[in-house]
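Mind folding the following:
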Amino acid sequence: MPIWTEIVWRSAAAVAVLFLLTRLLGKKQLSELNFFHYIVGITIGDIAGFISLEMESHFWHGVTGILIWTLIPIGLEKLSMKSKHIRHWFEGEATVLVKDGKVLEDNLKKTRFTSDELLEELRKKNAFRLADVEFAVLETDGDVSVLLTRENQPLTPRHLGIQVANEPEPQVVIMDGEIMDEPLATAGLSRGWLSAELEKLGVAQENVYLAQVDGYGQLSVDLYDDQLKVPKPCSRKLLWATLKKCEADLELFALASEDRQAKELYADGVMSMKRVVEQVEPYLKR
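Sure, this is the predicted structure:
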């Protein structure tokens, strides 16, 4: 067998083995790379490169080495889930860098963090003034978590005392011009409804690159042709405007009516409509 052919099949096999073992390691090792995972990744990559190009070595010996270096972190991960001591030993602990708006210089020295690096990490979290930071922690994966002081935190509906409903998960109903039946059924909708909505927008299904339906039944589409403009969904705004108009009409009828019984009936209708408006406001005014 020519050398280049052997290199090809060794490399392809090494890639396949690495892919399978990486899936075995799980997503956590990919997203949270601590010191131990860093060492394991370098070693496995070095072994994979060695068995791809070293013709005199036995291929399966290298695979065995990769397998061992994969099983070790999996075993340690299982142990760390049961023991806090082992977890701290292998993964380390979070270190507080800023507390109550004051920099902890001793902790900076322990983590080998300079003041410039600290300020850089704070700027990445949109904290350009140290005085605006209440708390900052260096996590085990090297990221810095920042808590701003209360007066510098962004406003939320909760701060304003506004009740907001939970946002339902949007469903992708068209992808690459093809209708996705399962997400459509999950949203409680049908192909007939989708066709009617596309007809309202004046677009054909095959011209739609991506279409999503939110939890309120509003359809948003992205077309292959970026030059074409599609009207934005406004069904919630229309419904809100209609409800407010009904409330205003009932108030007008109550004021204009001279019949006492009709006036009381309209007044009751106004109170009922107000309750309905208050109940649906968190869903419609988002």
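
use CA for all of it now, contacts and neighbours both
Fine.

where are the low-confidence patches of the stretch 151-286 of the chain?
Regions of the stretch 151-286 of the chain meeting the criterion pLDDT under 70 cover residues 157, 160, 162, 164-165, 167, 227-228, 230-237, 282-286.

where along the stretch 51-200 of the chain do the strands fall?
95-99, 102-103, 133-138, 144-148, 171-175, 178-179 (DSSP state E, counting those that start in this stretch).

In CSV: those, plus mean neighbour count and distance to Leu210.
Formatted as CSV, those follow (neighbours: other C-alpha atoms under 10 Å; distance: least, C-alpha to C-alpha, whole Å):
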stretch, mean neighbour count, distance to Leu210
strand 95-99, 19, 44
strand 102-103, 16, 48
strand 133-138, 20, 39
strand 144-148, 19, 35
strand 171-175, 21, 5
strand 178-179, 17, 9
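
Need those in a markdown table (columns: distance to Ala211).
What follows is these, written out as a markdown table (distance: least, C-alpha to C-alpha, whole Å):
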| stretch | distance to Ala211 |
| --- | --- |
| strand 95-99 | 44 |
| strand 102-103 | 48 |
| strand 133-138 | 40 |
| strand 144-148 | 35 |
| strand 171-175 | 5 |
| strand 178-179 | 9 |
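
Nearest to Cys246, out of those?
With C-alpha to C-alpha, the closest approach to Cys246 among the strands of the stretch 51-200 of the chain belongs to strand 171-175: 31.9 Å.

So which residues make contact with the closest one?
The contact list for strand 171-175 (C-alpha atoms under 8 Å, 6 or more residues apart in numbering) reads 179-181, 183-184, 186-187, 208-214.

List buried residues within those.
Ile179, Met180, Pro183, Leu184, Ala187, Val208, Tyr209, Leu210, Ala211, Gln212, Val213 (16 or more other C-alpha atoms under 10 Å).

does the fourth one really touch Trp193, like I thought?
No - with contact defined as C-alpha atoms under 8 Å, Leu184 and Trp193 do not form a contacting pair (9.8 Å).

In helices, which of the buried ones among the contacts of strand 171-175 appear?
Pro183, Leu184 (DSSP state H).

Nearest to Lys125 among the buried ones among the contacts of strand 171-175?
Gln212 (30.7 Å).

Isn't that closest one up against Met180?
No - using C-alpha under 8 Å, Gln212 is not in contact with Met180; the gap is 10.3 Å.

if I pick the most centrally placed residue in the chain, what's in contact with it?
The residue lying closest to the centre of the chain (C-alpha atoms, centre = their mean) is Glu169, at 11.6 Å. For Glu169, the contact set (C-alpha under 8 Å, 6+ apart) comprises Asp214, Gly215.

same check, this time on Val98
Per C-alpha under 8 Å, 6+ apart, neighbours of Val98: Leu104, Val133, Glu134, Phe135, Ala136, Val137.

residues touching the fifth one, list them.
By that I understand Ala136. Residues near Ala136 by C-alpha under 8 Å, 6+ apart: Val96, Leu97, Val98, Lys99, Val144, Ser145, Val146, Leu147.

and the closest residue to the first one other than its chain neighbours, how far is that from Ala267?
Spelled out, it's Val96. Once flanking residues are discounted, Val96 sits nearest to Val137: 4.4 Å by C-alpha to C-alpha, 6 or more residues apart in numbering. In this view, Val137 and Ala267 are 58 Å apart by C-alpha to C-alpha, to the nearest Å.

Likewise for Gln153?
Distance of Gln153 to Ala267, computed by C-alpha to C-alpha: 43 Å.

More neighbours: those two, which one.
Higher neighbour count among Gln153 and Ala267: Ala267, with 18 against 11, using other C-alpha atoms under 10 Å.

ok, the residue nearest to the more buried one when sequence neighbours are not counted to Asp268 distance?
Take Ala267 and drop its neighbours on the chain: the residue closest to it by C-alpha to C-alpha, 6+ apart is Ala254, 5.9 Å away. For Ala254, the distance to Asp268 equals 9 Å [C-alpha to C-alpha].

Mind checking which of the two has more residues around it?
Between Ala254 and Asp268, Ala254 has the larger neighbour count (other C-alpha under 10 Å), namely 21 against 15.

Helix, strand, or coil at that one?
Using DSSP: H, G, I helix; E, B strand; the rest coil, the structure places Ala254 in helix.

who touches it in this structure?
Ala262, Lys263, Glu264, Leu265, Tyr266, Ala267.

which parts of the helix or strand containing the second one are buried?
This points to Lys263. Using DSSP states H and E, Lys263 sits within helix 260-284. For helix 260-284, the neighbour count (16+ other C-alpha under 10 Å) marks Lys263, Tyr266, Ala267, Gly269, Val270, Met273, Lys274, Val277, Glu281, Tyr283, Leu284 as buried.
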